[in-house]
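**Q** Give me a model of this one.
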Amino acid sequence: MKTHRKSIGYLLWIIGFTGAHRFYFGKPISGTIWFFTAGLLGIGWLIDLFLIPGMDRQADSRFTCGKHDYSVAWILQTFLGVFGVHRIYLGKFLTGILWFFTGGLFLIGWLYDFWTLNEQVDELNRRGTV
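**A** Predicted coordinates:
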């Protein structure tokens, strides 16, 4: 079953020198490297154009489908994450409000969510299937 979408991966690839597409597909270490090196000086970013289908398949086999959509959570995190909108979508109302009033808990929580959002959604989806 599909948990991630190639189309969202390619959309995030456009700003991929930040590592956004790698975070989306559950690769936080290389996403961080891409962030600090501008996609390995643009070379890794261009190569990823061809690697996205494989990253999509790996993410689909690794994460659990369920009530919460990974792509919606990631779009909210990427573009509205400092306001906590993705956390409210996941039912984490208290931290969502905290993110809203503190700028994603002074950006540290927002960065933490880039590392852990797939696991957060996966955990909620697994809990919902039991």
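**Q** CA only for contacts and neighbour counts going forward, please
**A** OK.
**Q** check contacts around the residue nearest to Trp13 when sequence neighbours are not counted.
**A** Excluding the flanking residues, the one nearest Trp13 by C-alpha to C-alpha, 6 or more residues apart in numbering is His21, at 5.2 Å. His21 makes contacts with 9-13, 31, as judged by C-alpha atoms under 8 Å, 6 or more residues apart in numbering.
**Q** hmm, 7 Å instead?
**A** Neighbouring residues of His21 by C-alpha atoms under 7 Å, 6 or more residues apart in numbering: 9, 12-13.
**Q** Now for the spatially most central residue of the chain: which residues touch it?
**A** Of all residues in the chain, the one closest to the mean position by C-alpha atoms, centre = their mean is Tyr24, 3.6 Å from it. Contact analysis of Tyr24 by C-alpha under 7 Å, 6+ apart lists Trp74.
**Q** again, only this time at 10 Å
**A** Counting by C-alpha atoms under 10 Å, 6 or more residues apart in numbering, Tyr24 makes contact with 4-5, 8-9, 12-13, 31, 55-56, 59, 70-71, 73-75, 77-78, 114-118.
**Q** hang on, the earlier thing: JSON lines for the contacts of His21, including neighbour count and secondary structure?
**A** Formatted as JSON lines, these follow (neighbours: other C-alpha atoms under 10 Å; DSSP: H, G, I helix; E, B strand; the rest coil):
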{"residue": "Gly9", "neighbour count": "23", "secondary structure": "helix"}
{"residue": "Leu12", "neighbour count": "21", "secondary structure": "helix"}
{"residue": "Trp13", "neighbour count": "21", "secondary structure": "helix"}
